[in-house]
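[1] Here is a sequence with its predicted model. Questions after.
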Amino acid sequence: MTGEHTRVPAGELAQLTSACFAACDMAGQDAAYLADTLVDADLGGVHSHGVMRVLDYVEKLTTGGVDPRGAPSVVREFGGCVVVDGGNSMGQIGARFAMQRAIALAATHGIAAAAIRGSNHCGAVGYIARMALAEGMIGVATTNALPTMAPWGGAERILGINPLAFAIPAGRERPIEYDAAFSGSSHGKIRIHEQHGLPIPEGWALDRDGNPTTDASVAVDGLLAPIGMYKGTALAMVMGILSSMLSGASYGTELGDMEAGPRPGEDGHFVAAINVAAFEDPHVFAERMDGAIAELHACRVADGHERVYAPGEIEALRREEYGADGIPLNAVTLAELATVARGLGVSSADVPWLPNV
């Protein structure tokens, strides 16, 4: 991605973002957690799920019907299976609660899963999946999403991009981390291209009549295209079903639409924790994981590529770079942050990277 940007210290960005959410009447710990999920996405270079979401989240918390003090709770539990009601909180809050419960149950049952209802947009689900790594477990997370995608061969927004994330521990090597939706790209990434005045790659989106387009402005008002044609359609449906029909959350067009916006408290998610020790000696598992990753790294490199990366490795390297040198944010995102902060009465006097708007 080219274009002008400003390097912003991650800690300062998290502090300002947290203050904005706290000004929306979120509890301090929840505000800090929500801010950290967004800054973490920016640290990994996934700006579509980073602080560019602050304006949208503040609108949800102040006028959009989301409860800033929403408290998740367990409404059903059977062995290693849990249903959680998010209490109309931000999705990250309910998903964190659910994954914490799944991890605790997996310590006893080996595998545990939680289906969440009564929730809202939950950001990058990879952040939730990674929670399991600290306990030596494999984390899985998926969510439904507002319909922005046409099924293969269709020309209507009836599917969410419904991402899936895995986090798998290793030993000496970095964990395997996968977090991706089943569309050619996310709506947020297309917005980033539009902000920079750049075309989008082929295969990302369609216009409103279902014709392929590389014009970011047309794509924003058009349809996301499924990745892998009919395969992306099928996988998006499966993730949507897991995220909604096990808990009673809304599915597909029941969530709302791009014109009217989402219906608050209707989102659903699904998370799972797999206790490696219940299946295999964790040391043996870690050694085999290291071997698999080393084999990937040792693969002969094709023309036009510098090296072979393991899933999640590029984002991990970016976190190291951006953590040291600052997160590159474009002028549009910084201007929106400044407008939101000042509108909420959040002091920005000591934030030199925030523009005057």
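    Cool, the structure landed.
[2] So what's the gap between stretch 224-237 and the chain middle?
    18 Å (C-alpha atoms, centre = their mean, to the nearest Å).
[3] Now it - C-alpha only, PDB.
    In PDB, the C-alpha atoms belonging to stretch 224-237 read as follows (Å, rounded to 0.1, in the frame of the first residue of the first chain):
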ATOM      1  CA  LEU A 224     -17.900  -8.500  -2.200                       C
ATOM      2  CA  ALA A 225     -17.000 -11.600  -4.200                       C
ATOM      3  CA  PRO A 226     -16.500 -15.000  -2.600                       C
ATOM      4  CA  ILE A 227     -13.000 -16.400  -2.600                       C
ATOM      5  CA  GLY A 228     -12.600 -19.600  -4.600                       C
ATOM      6  CA  MET A 229     -15.900 -19.100  -6.300                       C
ATOM      7  CA  TYR A 230     -18.500 -21.600  -4.900                       C
ATOM      8  CA  LYS A 231     -16.000 -22.900  -2.300                       C
ATOM      9  CA  GLY A 232     -16.000 -19.500  -0.600                       C
ATOM     10  CA  THR A 233     -19.800 -19.400  -0.700                       C
ATOM     11  CA  ALA A 234     -20.100 -22.800   1.000                       C
ATOM     12  CA  LEU A 235     -17.500 -22.000   3.700                       C
ATOM     13  CA  ALA A 236     -19.100 -18.600   4.400                       C
ATOM     14  CA  MET A 237     -22.400 -20.400   4.900                       C
END
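[4] what comes into contact with it?
    By C-beta atoms under 8 Å, 6 or more residues apart in numbering, the residues outside stretch 224-237 that reach it are 148-153, 159-162, 164, 181-187, 190, 203-206, 212. C-beta here means a position set from N, CA and C on the backbone, and glycine is covered the same way.
[5] Over to stretch 247-257?
    By C-beta under 8 Å, 6+ apart, stretch 247-257 touches 83-84, 115-119, 144-147, 157-160, 240-241, 243-245, 262-263, 266-270.
[6] Let's see the distance spanning that stretch from one end to the other.
    Across stretch 247-257, the terminal residues are separated by 21 Å (C-alpha to C-alpha, to the nearest Å).
[7] any idea of the mean pLDDT in stretch 229-241?
    Averaged across stretch 229-241, the pLDDT comes to 97.
[8] Buried residues, it. List them.
    For stretch 229-241, the neighbour count (16 or more other C-beta atoms under 10 Å) marks G232, T233, L235, A236, M237, M239, G240, I241 as buried.
[9] host element of the fourth one?
    Spelled out, it's A236. Using DSSP states H and E, A236 maps to helix 230-244.
[10] on that earlier part again, sort out which of the contacts of stretch 224-237 are buried, if you could.
    Judged by 16+ other C-beta under 10 Å, buried ones among these: 148-152, 159-162, 164, 181-187, 190, 203-206.
[11] coming back round to it: just the ones of the contacts of stretch 247-257 in strands?
    In strands, judged by DSSP state E, the following of these are found: V83, V84, A115, I116, R117, G118, S119, P262, D267, G268, H269, F270.
[12] Which one of these sits in the busiest neighbourhood?
    Within these, most neighbours by other C-beta atoms under 10 Å means S119, with 34 neighbours.
[13] Tell me which residues touch the closest residue to it other than its chain neighbours, please.
    In this structure, S119 finds its nearest non-sequential neighbour in G86, 3.5 Å apart by C-beta to C-beta, 6 or more residues apart in numbering. With C-beta under 8 Å, 6+ apart as the criterion, the residues that contact G86 are 70, 72, 93-95, 97, 116-120, 265, 267.
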